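1. Mind folding the following:
(chains A and B)
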Amino acid sequence: MKRIQHIRIYILLGCIPFVACHKYLSEKSSSLLVVPDSLGDLQALLDRTVTTNSSDPSALAISSNEYYLSDNDFTALTSDYDKRKYQWDSAGLFQPGAGNDWYNLYQLVYVANTVISDMGNIPQDPSSVSDRQDVEGQAYFYRGKTFYNIASIWCKTFDSTTANADPGIPLRLNPDFNVPSTRSTLMATYKQLLSDLKQSAALLPVTPIHAMRPSKGAAYGMLARICLFMGDYQDAYQYADSALSINSTLIDFNTLNSAKTYPIAQFNPETIYYSSISIPAILNISRAKIDSSIYRLYDQHDLRKVIFFRKNADGSFGFRGNYTSGLALFGGVSVNELLLIHSEAAVRSGNVSTALSDLNRLRQARWDNHYSYVPFSSGDIKTVLDSILLERRKELPMRGLWWQDVKRLNREGVGISLQRTVLGQPLVLAPGSKRFVLPIPEDIIRLTGIQQN
Amino acid sequence: MGRLPHYARPWKKSMFLVLLPIFFWTAVMGQASMDNAVGAELISLDVHNAPIETVFSLIEKQSSYRFVYDDAIVGKARNVSASLKEKPVSQILEKVFSGQPFQYTLKGDLIVVGQLNDVKNAAPKKYIRGTVLDAGSRQPVVNATVRVNNLIRCFSDETGCFSTEKEDADSILSVSSIGYATYRQRVSGDATIVVYLHGTSGQLDSVQVVSNGYSTTPRERSTGSFDVVNQNILGHQSGMDILSRLDAVASGVTVDKSTTTGGLTVRGLSTINGPKDPLIVVDNFPYDGDISNINPNDVENVTILKDAAAASIWGARAGNGVIVITTKKGKYKQSPKLSFNSFVQTSAKPNLGYVHQMGTSDFINVEQYLFGNGFYDNAFTDPGQPVVSPVVAILQQQRLGNTTAGQATHQINSLRGLDVRNQFSKYMYRPSFNQQYALSFRGGTEQLNWMAAVGIDRQVGNLDATNGRNNLHVNLNYKPFKNLEIGSNVYYTEYNTHSGRPGYGSILSNTQTTFPYAQFADSKGNPLALYRQYAQSYKDTAGNGKLLDWNYYPLDDYRHDYSAGEVLDNVIGLNIKYSLPFGLSASLLYQHERQKTENKGIHDKQSYYARNMVNYYTQDNNGVLSYPVPLGSIMDLNSISLQSNDLRFQLNYDKNWGNNSLNLLAGSELRRSRTDNCIMRYYGWNQDNSTVGYVDYVNTYPDFIDGNPVQVPMLDNINYTRNNFMSYFANGAYTYNKKYIVTFSARRDASNLFGLNTNDEWNPFWSAGLAWDLSRENFYHVDFLPYLKFRATYGFSGNIDPSMSAVTTILYLNNNTYYNKPVARFDNIYNPDLKWETSRMVNYAVEFRSKNNILNGSVEYYRKNGKGLFGYSPLDYTTGVGTSILKNAADMTGSGWDIKLTVMPVNKEVQWHITANVSNYSDKVTKNYLQSAYGYSFVQKDGNGLFGVPGDATIGVYGYKWGGLDPQNGNPVGYLNGVKSEDYTSITATGTSVYDLHYFGSAQPTWFGSLIDNLRYKRWELEWAIQFKLGYYFHRNSINYYNLFNEWEGNSDFTKRWQKPGDEKVTDVPSMVYPEPIERSSFYSGSEMLVDRGDHIRLRYVNLQYKLPIRGNSNLELYVNATDLGILWKANHEGIDPDYNLGLYSLKPKPTYTFGLRFNY
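-> Below is the predicted model of the structure:
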C-alpha cells in the first residue's frame, strides 16, 4: 500500500519538468532581444540617426581643394589616410575595416535592405497603410541616396555614352551576406539608384515628423542633385521644382546673429532633409582654412562673408556656415542648393528668366539690407550660367559638392584643374585625371576580388 | 566499520535555544522521539546465500546499528540465507548469527562481533589506558579503533582516551583510524600510554569522497578525474574569495592574471570565443551570484571536475570544467563544536618604480621638440580648447612674448625633477588592511545535525577603497524517521563596497593619462589643480568668473566623486531524501537565490565631473546664465536584481549483491534565472533636501566652449533577462569485486537561450569510464606499491554562444534624441551555417600509493579534440554586417598531463610532506577554415579570438618579423613579401598575412604547477608553496612614439632609442622622428622584438602555524602567512613579472602578510 503511494508521488514529481514545456522554453531570454517583425521595429532601425543621418562620407570633402592646411598642421595630423586623400594619392586612402566610408555607407545599405526585405513578412493592415508606405519609402530613399554617395566617390562621373562600360558599384539589394559582391556597370548603378529614389518619392509623406526623416521633398531633392550631376537638366529642373513646391523658404541672413559661434541654426527652415558628414581631424575648423581665393569671391555687402566665416588669429578664415550649427559638415538637402539646381537647369534649358529670378532670390536673402541689392541681369546664357556656377561655389562650400561639380563640369569640357601645395610641393589634379575616382579600400579588393579603379 | 556513539546530550537543549528563532521547524524536531528501544527497530532481510559482509551492510542501511568486527574472524563466516520482513533487529541478528563461528554483543548501537568465547568468558585481568593524539596537530583522534592481539576492543572517545582490558600478559596493542597509519606497540602488564597517530597525507585516496554536485561517490568507485582541495589547504591561503585560494594548490587549474580575457581555467581552454568560465557549483546548484559573496571560511572543500566523466553530468555548461564548492555542514552524532578563525592582513604600498614610466626630463625634451615642430600649433587655435601640458603652455607664453626665454627655461627646469609616481606614492597609496572573523558552531544528534556560522570581513585596500562582507550560514538536517531526511540551508550575505582614491593611471589630464611631472599638492599639502580636459588658460578666464570653478583637484576629488555598492544575497535550499527498500531512494532539492545589487555613482556638486558638466552646458544669454544641466550633484543609480530557482528530482539506486555493486542515479531538473537591470541618472540632485532637477533631454544646446549643438546625456535604461533550462540526467557505476568499475553519465539540456530553432534541439552529452584496481588482483604482488589503479574515460560535450540565435535580432536602444522615437540596431545577424562547438575528451590515469604511504599520487594524461570552434572570420563589409563574422572557424586538439605527487620522506615526530602539482598543457589548431587573415589582427593581441595557422597554439603569440634598425636613421625595418621594408602602412595593414608573422608559441603556460612543502614538528607547522609557469610568451610594452606624442604615454625604453648611426648595434628601440606615422609605431609595438618568454617561478606563499598547549578538547592555533612574495626566477630580462603585465599601468603588489588565530572547542 505504502509503496504504491510512493510510486505515485515519484511519477508526479517526475512529470514536473514536462508541464508547460514549450512555453517555458520559448520565453524571450532578454527584454532587449527583438525579432524585427513589425513596422515599429523597422522604423526603429531607420530612426537610428547615427547610421542614417550622421554617416555621410567625408572622402570628397577631404579631397576637395576648398580648404588648405598649414604645413605644421598637416605634419601633425595623425591619420596618414586623410593625409593621402588630401594629397590626392592613388592608393592607401582608406583605413582597412570598420569606420571607413565604404563601411559606413554599406552598413546603411544593409539597414535599408533589411527593411525592404522584411516588409514582405509584415501583414497588410488597412489602418497602417500610410505608415507602411512611409517606412518603405525611407528604406528606398536611404538605399538610393547611399548608392549615389558610393558612386560619387568610387565611380567616374556619369556619362551616358560610356556608362554601359564604366564600372559601377556593388549593388547589394538584399540582406543575405552570403552573396558575393561584384561591381555592376555605372549604367546599372544609376538605374538602380534612380529607381530607388523615384520609388521613395512616391511613397514618402510630404511633411515628415522631423527634418531627419526623409520626405517627398528630400527624395525630389536627391533626384534633382543626381540628375544635375548626370547632365539630365530637364529632370533636374522638374525634381528641383517639385521639391521647391513643397518648401522654398530661404533664411534672410539679416536675421542671423553673427556673434554666435555658429550663426546658422540646426534644422533651420531651409533644411529639407538633414544629414551630416562627421568630420575627421583634418576638416576641423581649427585646421581646415578656407582658401582666400574663395573668400575673395564674396561681395563686401554679402552677409555670407561674416556668417559663413570665422577669422582665425593668424588672419586666415575657417568655415562655420554649416547647416549643422556645429563642426559637422552638412550633407543633406536644402532649399538653397535646390534653388541653384533649379536655376542652373533652367538656364541650361534656355529658361533665362526663371534662372535669374532664382538666382536673385537667393542672393537677396544673403545681402546686407543696409545696402540696396541690385539684381543681377543678363540676356546671355553663358554669362548667366557662369554666375550661377559662381553662386554655387559661394553658397555651397564644404558640403562635398565641389568635387562632384568639378568632375561633371570637366565632363563637359570646362577643364578645371585642382591645385594645392603640400609642404612646399605644388600638386595638380588635371582634368581627366584618374585620381578623380578614388581607389576602393584595398582590403575590400583583397576580400572580394572586385576590380580596383 | 562502525563507530561508538559519543554525542553529548546536554548540548541538545541549549542548541534548540540558539536555533529556535532561526528555524521554525526545529520545533517540530524537538518533539521527535530520540531513541528506539534496544534492538526493537523493525527491519527486513531477504537474502540467499549472501556473504556476511553484505548482510551486515544491509542491516546497517536499514537501522542505526553499526557492526564492529575483525576481518580475520568474519572471514570464517558462512553465507546467510534468510527471508524476514519487518522484524525487530534482535530477531534478525539471532537468525544471522545462528550457526556462525562467532557471536555478537550489543553495545549502544554497535554490534560487536567477536570469537565465540571472547566476549562471554573473558575475565578482566589487566588494563590498558591511553590517549590517541594526532601526531601533527596533537588533537585527540576520536573513534580510533583499539585492538589487542588483533581483536577490536574499543574506540577512543571525544578526548581521544580509551581504556580496555587485556588477558595476556604480553599483548600487541594496535590503534588505527581512517586516514592514519596503524600504530602498534607491545604492552605487558597494566599500562597508560599516549599514542601518536601519523596521518597518511591527510587526503588518502581510499577514503576520500568526491562530489560532482549531484552525488558523492567514494573516490575508489569513480573513474573520472577529480581534484579535491580541502579546507586545510584552502586555509593556507588567505584571499577574500574562494577562487583566488585555488591558485597554486589545485592541480590542472591556472589563474591567468596577464590577459584581460583570462580567468580561472581548468585544463586549458576548450573554446576561444564561446563562454570560457568554468561552471561554479555551490552546494548542488550552479551559483549565479557574485562568487565573492561566499566566505571561504564556510567552505568545506572544493572539488574540481576535470575530465568529461567527472563533469558531463553538468552537460553543456561543463565544457570548461566544473568547480564544485561544498559548504560546511553539521554531522550526525557529533558533539557541538565551536570554531573561530580570525586574521588581520596587510600589504605595503605597491612599488611604483615597477612602472616603466618615461623620465620626466626626457618627456619635457620631447614636448619642446614637438613644440618646435609646430605640433601643438593647432591646439592653440582650436575652438574646442584642447588641453595642453604645462610645459607646452609655458612655451606658448614664451612664443607670445608674455614670458622671457630665461623665465620659461627656469619654469620648465623646475619641473624636470618631478615624478608623478612619487605623488601617487605619497598621496594616494597606503598599506592595505584587511580583517576577517569567522565563528561557526556545529554538532549533531542521532536525528539532527546543524551548523551555524557567522563571518565578518572588512577590507581597506591600497587605495583606501573599502569593502565589507557579512555572512550568515545556517544548515540543518533532520531525520524525523528512519527513511526520511530533510535538510535546509540558508546563506545570507551582505556585501558593501566603497571606492577609494585614484590609482596610478587613473588620474587623467587628457583622455589617456597625465604628464609625468604632475603635482597633486603644494609644499604644504594643499590640493593643487591639475590641467585636465581643456586648456588651463581657457578655464582660468572662461565666463569671466560667472561659471563654477573649472579646476580639477585630484587630491580631494575622490571624496566627491565615488561609487558605493551594496549587495544583498540570499540563498535558501531545501532538500528531502526518502529511502525506500531495495536500495532505492528519492530526493527532491530546491534552491532559491535572490541577489540585489545597488551601485551608486556619485558625483557630488563639488566634484570636477559635476562642475564640468554644469559649465559645459551653461547658456549665457547676454549675461543671464541658464543651466541645461542643473546645478547640484549628479547621481548614477544602477540596480540589478537576480533571481534563480532550481528544482531537481533525483532517484538513486544502490544495490550490492555478492561481489557486485551498482549505483545509479537519474533525474530531471528545472532551472529558471532572471535578472532585472535598471540604470538611472539624476541631475541637479541636492543631498541636503533630497530634490532632483529637471533636465531637457530632447533639445540641443550650444556648448559653452565652442557652441557645438549638444544634448544632455540620458543614461536611463531598463532591461531584463530570463533564462530557462530543462535537463535530464543519469549517472551510473557498476563495481565488481571492488576491482573493476564501469561508469556512464549522460545529460540532455534544453533552454530558451539558443534561439527559436535551436530551442528544440536537445543536445545530449555523455561520457563513459573504466577503472581497474590492479592491486586487488590476486596475482598482484608488488610490495612496495600496495595500491595501484588505472582509470580511463571518454566523453563528449559541446559549447554554444548563448548570444547566438537562429533569427536576426535587433536591440532596442534609448529613444532617438532628436524626435523621441524608439531606436534599434542589429544585434545578431542570423547565420544559418553556425553549429555547436563540440569537444571530445579522453583521460587516462594511474593512481598509486607506496608502502607506508611514503609516496602517493596520480598521473593523468588527457587529450581533447574540439571541432567547429567559433572564430571570427574576416568578412567583406560591403555586406553591411561588419568586418567579421562568427563562424565555426577551426578545429583543435589539446593534450596534457596532470601529475600530482605527495612524498613523505619523514613521517615520525618530524613530518615532512612534499606535494608537487605538475601540469602540462598544449594545444594546437588542426584546421583553420578561414581564408587568409591579416597579420595585424594577430600581433599584440596574443591571438585573442582568432585562430592562427594550423599547427600553432589556439592562443598564440605572433609578431611582425624584425629586420633590425635602419643604420641610416634608426627606423625599424620589417618585411614585406619576404623583402626588408619600411613600408609600415602595408606591413601593418593588408601587406602581411598571419603566415608572414613570426610565431612564437602559446600565450598560456604550457607547463605549470606548484611545489608545496609542509614540515611539522611538535606544535609547529611550516608550509611554503612555489609556483611555476613555463613555456609561454607575452608581448611587452615599449616606447610607442605615436602614443607618446598624442596621448603622452611614455616608456622608459625611450632612453635606449637609436640616436646616431652605430646605435643599431646596441639597441632595438627605434629612433624618434617627426612626424611619427601611427603605422611606424604599430609596427614596432607588434614586432617580434617585443615578445618575451613568460616563464617564471615564484614563491607563492609561506605559512607558519603554532598550536598552543591548551588542556582539554579545545585547541588554539596561531598562524602567520605571507603571499605574493615575488619572483624567484624569470626568463625575461626586462624586469617584468609576466603575471603583472596588463597594460601600461600594471602595478605589482607587495607581499601580503597575514596574522591569524584559529580556535576550536
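2. C-alpha only now, for contacts and for neighbours.
-> Fine.
3. Report the closest residue of the stretch 151-300 of chain B relative to chain A.
-> Residue of the stretch 151-300 of chain B nearest chain A, by Cα to the nearest Cα: B:D288 (15.9 Å).
4. so what's that residue up against?
-> By Cα atoms under 8 Å, 6 or more residues apart in numbering or on different chains, the contact set of B:D288 is B:642, B:644.
5. doesn't it fall inside a helix?
-> No. Counting by DSSP: H, G, I helix; E, B strand; the rest coil, one finds B:D288 to be coil, located in no helix.
6. Name the residues of the stretch 251-400 of chain A found near chain B, please.
-> Counting by Cα under 8 Å from any Cα of the partner chain, the stretch 251-400 of chain A comes close to chain B at A:260-262, A:266, A:285-287, A:312-313, A:325-327.
7. Which residue lies nearest the spatial centre of chain B?
-> The residue lying closest to the centre of chain B (Cα atoms, centre = their mean) is B:L243, at 2.7 Å.
8. In stretch A:364-378, which residues are buried?
-> By neighbour count on 16 or more other Cα atoms under 10 Å in any protein chain shown, the buried set for stretch A:364-378 is A:364-368, A:373.
9. Need those in JSON lines (columns: distance to B:S1085).
-> Listed next are the buried residues of stretch A:364-378 as JSON lines, based on distance: Cα to Cα, whole Å:
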{"residue": "A:Q364", "distance to B:S1085": "59"}
{"residue": "A:A365", "distance to B:S1085": "56"}
{"residue": "A:R366", "distance to B:S1085": "54"}
{"residue": "A:W367", "distance to B:S1085": "57"}
{"residue": "A:D368", "distance to B:S1085": "57"}
{"residue": "A:Y373", "distance to B:S1085": "63"}
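10. Which of these fall within helices?
-> A:364-365 (DSSP state H).
11. pLDDT and distance to B:L484 for the buried residues of stretch A:364-378 - can I get that in CSV?
-> Formatted as CSV, these follow (pLDDT from 0 to 100; distance: Cα to Cα, whole Å):
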residue, pLDDT, distance to B:L484
A:Q364, 95, 98
A:A365, 96, 94
A:R366, 96, 94
A:W367, 96, 97
A:D368, 95, 98
A:Y373, 94, 103
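12. Just to be sure, A:H342 is in a strand?
-> No. A:H342 is assigned helix when assessed by three-state DSSP, not a strand.
13. didn't it look like it was pressed against A:A240?
-> Yes. Judged on Cα atoms under 8 Å, A:H342 makes contact with A:A240 at a distance of 5.5 Å.
14. Would you list the phi and psi of B:P386?
-> Backbone torsions for B:P386, taken as degrees, to the nearest 10, come to phi -60, psi 150.
15. I'd like the next helix or strand past the helix or strand hosting B:I634.
-> For B:I634, the host element (DSSP states H and E) is strand B:633-657. Counting by DSSP H and E, the next helix or strand C-terminal to strand B:633-657 is strand B:660-685.
16. hmm, that next one in reach of chain A?
-> Yes. Strand B:660-685 lies within reach of chain A by Cα under 8 Å from any Cα, at B:667-670.
17. how about the strands in the stretch 301-450 of chain A?
-> A:309-311, A:317-319, A:329-330, A:333-334, A:418-422, A:425-429 (DSSP state E, counting those that start in this stretch).
18. Go through the ones you listed and pick out the most buried.
-> strand A:329-330 (a mean of 28; mean count of other Cα atoms under 10 Å in any protein chain shown).
19. what about it, average pLDDT?
-> The average pLDDT within strand A:329-330 is 96.
20. name the element the residue of the stretch 1-150 of chain B found nearest chain A belongs to?
-> Chain A sits closest to B:E86 of the stretch 1-150 of chain B, with a gap of 13.8 Å, by Cα to the nearest Cα. Secondary structure from DSSP H and E places B:E86 in strand B:80-88.
21. helices or strands next to that strand in the packing?
-> On a contact count with 3 or more Cα pairs under 8 Å, 6 or more residues apart in numbering or on different chains; DSSP states H and E, strand B:80-88 meets strand B:42-50, helix B:89-97.
22. and the first one, which strands flank it?
-> Each strand paired with strand B:42-50, and its direction, by DSSP bridges: strand B:80-88 (antiparallel).
23. which residues touch the partner strand?
-> Outside strand B:80-88, the residues that touch it by Cα under 8 Å, 6+ apart are B:39-52, B:55, B:92, B:95-96.
24. what bits of the stretch 101-250 of chain A have low per-residue confidence?
-> Counting by pLDDT under 70, not a single residue of the stretch 101-250 of chain A qualifies.
25. Which of the three states applies to the spatially closest residue to B:S668 that is not a sequence neighbour?
-> Spatially, and ignoring its direct neighbours in sequence, B:S668 is nearest to B:Y728 (4.4 Å; Cα to Cα, 6 or more residues apart in numbering or on different chains). Assigned with three-state DSSP, B:Y728 falls in the strand class.
26. Touching, B:Y728 and B:R671? I think so.
-> No. At 11.6 Å, B:Y728 does not count as touching B:R671 under the criterion of Cα under 8 Å.
27. okay, those two: which has more neighbours?
-> The residue with more neighbours, out of B:Y728 and B:R671, is B:Y728; 23 against 20, by other Cα atoms under 10 Å in any protein chain shown.
28. Check what pLDDT that one gets.
-> 89.
29. Ok, B:G945 next?
-> pLDDT recorded at B:G945 is 62.
30. and residue 173, how many residues sit next to it?
-> As the question left the chain open, I've gone with chain A. Look at A:L173: counted by other Cα under 10 Å, it has 16 neighbours.
31. that's the other chain; I wanted chain B
-> Neighbours of B:L173 using other Cα under 10 Å come to 21.
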